[in-house]
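*Asks:* Got a predicted structure plus its sequence, pasted below:
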2 protein chains.
Amino acid sequence: MITMNFLTKISKSEIMARIEKLKAELKVQAITAALITQNVDVFYYTGSMQNGLLYIPVVGEPIFYVKKSVTRASEESSIEVEPLGRIRTLGDRIKAHFGRPAKLGLELDVLPYQLAVRYQQMLDTEIKDVSPLIRLQRSVKSRYEQAQISEAARLVDEVIQLFPSWISTDLTEVELVAKIEHYLRVHGNINLNRMRGYNQELVLGMIASGSAAATPTYFDGPAGGLGLTVASPQGASYKKLAKNEPILLDFSTVVEGYMVDQTRIAVIGSLEDDLTYAYEVSRNILREVEKLGKPGVLWESLYQHALQMVKQAGLQDHFMGFGDDQAKFLGHGVGLEIDELPILANGFKQPLQEDMVIAIEPKFTFPGRGVVGLENTYIVKSDGLESLSISSEEIIIIKD
Amino acid sequence: MITMNFLTKISKSEIMARIEKLKAELKVQAITAALITQNVDVFYYTGSMQNGLLYIPVVGEPIFYVKKSVTRASEESSIEVEPLGRIRTLGDRIKAHFGRPAKLGLELDVLPYQLAVRYQQMLDTEIKDVSPLIRLQRSVKSRYEQAQISEAARLVDEVIQLFPSWISTDLTEVELVAKIEHYLRVHGNINLNRMRGYNQELVLGMIASGSAAATPTYFDGPAGGLGLTVASPQGASYKKLAKNEPILLDFSTVVEGYMVDQTRIAVIGSLEDDLTYAYEVSRNILREVEKLGKPGVLWESLYQHALQMVKQAGLQDHFMGFGDDQAKFLGHGVGLEIDELPILANGFKQPLQEDMVIAIEPKFTFPGRGVVGLENTYIVKSDGLESLSISSEEIIIIKD
C-alpha cells in the first residue's frame, strides 16, 4: 500500500544515541520520564514526524504513542510505535506499563497551557520544564546533522551563483524571492522554516532592498522588510530593485529538516562608501569571532567582542537594526529550527561546546537606504569556528 | 523613514466592531479583561501583526503593548500603542492603569504553559480560557473578510485555468507545486498557511497524485501525500505525474491574511469508472449540504448527512482517508487560519451562524491508486450555503 522506499530514513543508531543522551540528562535532573509532544522534538528523538506523543522513561525503553498515521510512523520511527487510542485511557496505559512518574518532563516553552495541564492530570504527577535540556542537547550536532546543513549550504550556493543572471531593475523583491523559492523547491526545499519561539514566523528569509529592507518589523532579527501585507509584515515587498542600493539576500533552505542561514549583499551598480565600509566591518567581525569561537568561550562574549568592534567603527547606532528596533544579539543556533541555541547575546554565560552550529550575522541598518552585512553558518571546532557556508562573501556586483 | 503607504491598512471601524463584540462576550462570561497574545488574534483585534500583548478590558479602552516594532505598530494598529518595556514592570503598569483584573482571559489553547503562568503571576489573578469565544467570534466573517476570501478564490481560479497548459507526464509533483507557488507568490501570496492547532503545519496544500496522494500522514485531513522527506511527510513528492490516475489539486492562497481552501481533480487521459463514481458522489454530497447548511443547523448534522450518503454509495471504507487513517470530519472554517470553526464533525452540536465561512471537502482515498473529491469554500446564508469558490468543478482532463 505505501511506497515510501525513496524517503531516506534516519539511522537507528543516530536516534538511539539521542535517546540515551536525553535519558542521562533526565537522570541528572531527577526527572522520572519525559513526555515529548512538539513535532520537531518528536522527529529528533524518533525519526518520524507523525502525530503522537513520545514517552521516554529514564529506566526502560521509550514508546511512541501515535495518533496519525500509525502505519507511516511504524515505517519511519526507530522507536517502538503503539496506537495512541483514546487520550482518556492513555494515562492509565502509561502508568500500567512504566509506573506513575514521580516527576514528568514536558516542553513547557512550546506546549500550550491546556495540553500541559491535561498531561499533568493524566499522569497525576509533578511537571518540570525539560525544554532547556532538550534545546541544549539539540544545539550540539552529530556528523549526520552537520552533513545535512552542509548540503543546505551547497544548495544556497547554487542560488548565489545564479544571482548575476537573475537580478535586475526589471524585478520586484517578490519576483526575485519567487525565483529563489522555485529553484530551491524543485531541489527539495520543504517551504517550512521552522521556529520554536511563540508567534515567530519566517518565510525563506529576508530578500529586501534599499529602504524596504530597512523597515523595522516584528521579526526578532536585525533586518525586517516591508513585506506584502500587514498580515505578514516581513521580507520581500512589491518594491522594485533599484540601482546603487544594497540588496539583502538573507535566506535559507531546508535539507532533511536541517537549515543553513546565510546572508550576502548584491548591488546593481555600486554602493556608497559608508555602506561599503559597514559591509567591511561586518566581514572583519566575522574574521575576529571565527578565531574567538572555541569550546569553553561564553556565548555572550562573542556578542560583546563584536559590539566593541562596532563601537570602534562608530557604527553602534546602526548595528542589528536602528534606534528602538535594534536586535540585541550577534548570532543563533540553527538546525531543525532557525532559533536554536546557542544565543550570542548578553546574559548568556554558558560555554560554547564542540559541534554546536551557529549562524553569525553582523548587519547594519541605514534607515531609508538599506541593510548591509554578512552571515555564515559555523560549526564550533576545537581551534575556532569552521564555516559551513561555502559561498564567496564578496559583494555581488550586477552591471547596470 | 518608513514608507508604508502601499500596505493597505484595515479600517478602524472594522477593528472597533471586533473589539466591541469581544468585550460583550467577556462581560457575559464575567471575565474582567483579556490578554491577547497569539499573533493571529493580535492581528484580528488590532490590524497589526507586530510583536506585542493586547490588553482588552471589559470597561475602558484597550492598549497594545508592543515589543517590536513600536514604530511600525503605531502606523498599522487601530488600537493605542505603548512600548511594552520591561516585562517585569508590565504587570504593575497594567494594574495601575486598569486595576487588577479579577478574572483574566488568555488563549490557553495556543499560549505555552510557561508564558501563561508568567502572565497569571504578573497580574496576580485567576485565569480563564477565552479561546473558544475568540474562535467562535472569528468564525463569523464581516463583509471585508468575505471580500478577501473571494479574492483568494479568484487567484486560485487563475491557477486552475493554467493547469491544462502546465500538467504533463514530464513533471514531478514538486515541479507542479513549484509552478503554482511561483504564480501565487508574485501575485501576493505570503507563503504562510497558518494553522492554530499545536504542531499542525500546511504547505500550500496537497498537490499529489496516484499512490503518493493516498499515502497517509500526520496531517489531520482527508489526504496525506508522500512528501519530500521524513522531516515534512505531507503533500508533493518527487513522484512523476502519470497517465490515468487522479491528480489531487487541493490548495489555497492567502490575500491580506485570509485563505480560501479548494480542491479540484485532474487526470492525464481518463479515470477508471469507480474513481469517477466516487468523484460524482463527492459532487452530490456538496449539492446536498449546500441546501442543508443554514443558520441554526448543527455542525455535526452536515457530517452525518454526508456519511449517510457515503454509506448508501458503498464508499464508507474510503471516505476522508482509508482504514485507520480516516479523518472524521467533512469540513472546517477558514479565514486567517485554515483550521477555524466551525468543525463539521460528530460531537459538535453548535448551530451554524449566518456569515460563517466553511471549506467542505468530501474526498475518497483508494490505497495505491489515489484520492478523488472536491472542496469549495462557502458562506452560510439564510437560505443555504453560497460558494465563494468560482472554479468549475469538472474534472480537468489533460490530453495524453
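*Replies:* Arrived safely, thanks for sending. Numbers count the residues shown, from 1 in each chain, chains lettered A, B, ... in the order given.

*Asks:* In this structure A:I265 contacts A:Y279, no?
*Replies:* Yes: counting by CB atoms under 8 Å, A:I265 touches A:Y279, with 6.1 Å between them. In this view, the C-beta of every residue, glycine as well, is placed from N, C-alpha and C.

*Asks:* intersection of neighbour lists for these two?
*Replies:* Counting by CB atoms under 8 Å, 6 or more residues apart in numbering or on different chains, the common neighbours of A:I265 and A:Y279 are A:246, A:372-374, A:395.

*Asks:* Next, name the residue at the spatial heart of chain A.
*Replies:* Central residue of chain A (CA atoms, centre = their mean): A:I338, 1.2 Å from the mean position.

*Asks:* For chain B, see how far away that residue is.
*Replies:* A:I338 is 14 Å from chain B, where distance means CB to the nearest CB, to the nearest Å.

*Asks:* does the residue of chain A most remote from its centre count as helix, strand or coil?
*Replies:* Ranked by distance from the centre of chain A (CA atoms, centre = their mean), the top residue is A:A96, with 38.2 Å. Three-state call for A:A96 (DSSP: H, G, I helix; E, B strand; the rest coil): helix.

*Asks:* ok, now A:H305?
*Replies:* Here A:H305 is recorded as helix under three-state DSSP.

*Asks:* Nearest spatial neighbour of it, chain-adjacent residues omitted?
*Replies:* Leaving aside its sequence neighbours, A:H305 sits nearest to A:L292 (CB to CB, 6 or more residues apart in numbering or on different chains; 6.0 Å).

*Asks:* ok, how many other residues are close to the one you found?
*Replies:* 14 (other CB atoms under 10 Å in any protein chain shown).

*Asks:* ok, it touching A:G384?
*Replies:* Yes: between A:L292 and A:G384 there is a contact at 7.4 Å, judged by CB under 8 Å.

*Asks:* OK, contacts around the residue lying closest to A:T32 once chain neighbours are set aside?
*Replies:* Counting by CB to CB, 6+ apart, A:T32 lies nearest to A:P101, which is 3.8 Å off, once chain neighbours are set aside. Going by CB under 8 Å, 6+ apart, A:P101 touches A:32-33, A:57, A:123, A:125.

*Asks:* got it, and A:A359?
*Replies:* For A:A359, the contacting residues are A:260-262, A:331-334, A:338, A:375-378, by CB under 8 Å, 6+ apart.

*Asks:* Make CSV out of the residues you listed and add pLDDT.
*Replies:* Output for those, formatted as CSV (pLDDT from 0 to 100):
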residue, pLDDT
A:V260, 97
A:D261, 96
A:Q262, 97
A:G331, 97
A:H332, 97
A:G333, 98
A:V334, 98
A:I338, 96
A:E375, 98
A:N376, 98
A:T377, 98
A:Y378, 98
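
*Asks:* any weak-confidence spans in chain A?
*Replies:* Where chain A drops to pLDDT under 70, the residues are A:1-6.

*Asks:* Just give me the longest helix of chain A.
*Replies:* Ordering each helix of chain A by length in residues (DSSP state H) puts helix A:143-166 first.

*Asks:* ok, is the helix or strand following it in contact with chain B or not?
*Replies:* Toward the C-terminus, helix A:143-166 is succeeded by helix A:173-186 as the next helix or strand (DSSP states H and E). Yes: residues of helix A:173-186 contacting chain B under CB under 8 Å from any CB of the partner chain: A:174-175, A:177-179, A:181-182, A:185-186.

*Asks:* for chain A, what spans make up the helices?
*Replies:* Under DSSP H, chain A gives helices at A:12-28, A:39-46, A:70-76, A:87-98, A:113-123, A:131-139, A:143-166, A:173-186, A:210-213, A:273-292, A:299-312.

*Asks:* Can you say which of the ones you listed is nearest to A:Q200?
*Replies:* Among the helices of chain A, the nearest to A:Q200 by CB to CB is helix A:39-46 (13.1 Å).

*Asks:* how big is the angle separating that closest one from helix A:12-28?
*Replies:* Between helix A:39-46 and helix A:12-28, the angle comes out at 110 degrees (axes from the mean of the first three to the mean of the last three CA atoms, to 10 degrees).

*Asks:* What's the nearest residue in the stretch 101-250 of chain A when you look at chain B?
*Replies:* A:A231 (2.8 Å; CB to the nearest CB).

*Asks:* That residue and B:F43 touch, don't they?
*Replies:* Yes: counting by CB under 8 Å, A:A231 sits close enough to B:F43 to count as a contact (6.3 Å).

*Asks:* what residues are shared contacts of those two?
*Replies:* Common neighbours of A:A231 and B:F43, counting by CB under 8 Å, 6+ apart, are B:49, B:257, B:336.

*Asks:* What about the last one, how many residues nearby?
*Replies:* What it means is B:L336. Neighbourhood size, B:L336 [other CB under 10 Å]: 21.

*Asks:* Please apply the same query to the first one.
*Replies:* Using other CB under 10 Å, B:M49 has 27 other residues around it.

*Asks:* That one and chain A, how far apart?
*Replies:* Relative to chain A, B:M49 is positioned 6 Å away (CB to the nearest CB).

*Asks:* Now do the contacts for that residue.
*Replies:* B:M49 makes contacts with A:218, A:230-233, B:39-40, B:42-43, B:76, as judged by CB under 8 Å, 6+ apart.

*Asks:* Now A:R93. Nearest residue, chain neighbours left out?
*Replies:* A:R93 sits nearest to A:G85 (CB to CB, 6+ apart), 7.5 Å away.

*Asks:* distance of A:Q121 from A:I94?
*Replies:* Separation of A:Q121 from A:I94 (CB to CB, to the nearest Å) stands at 13 Å.
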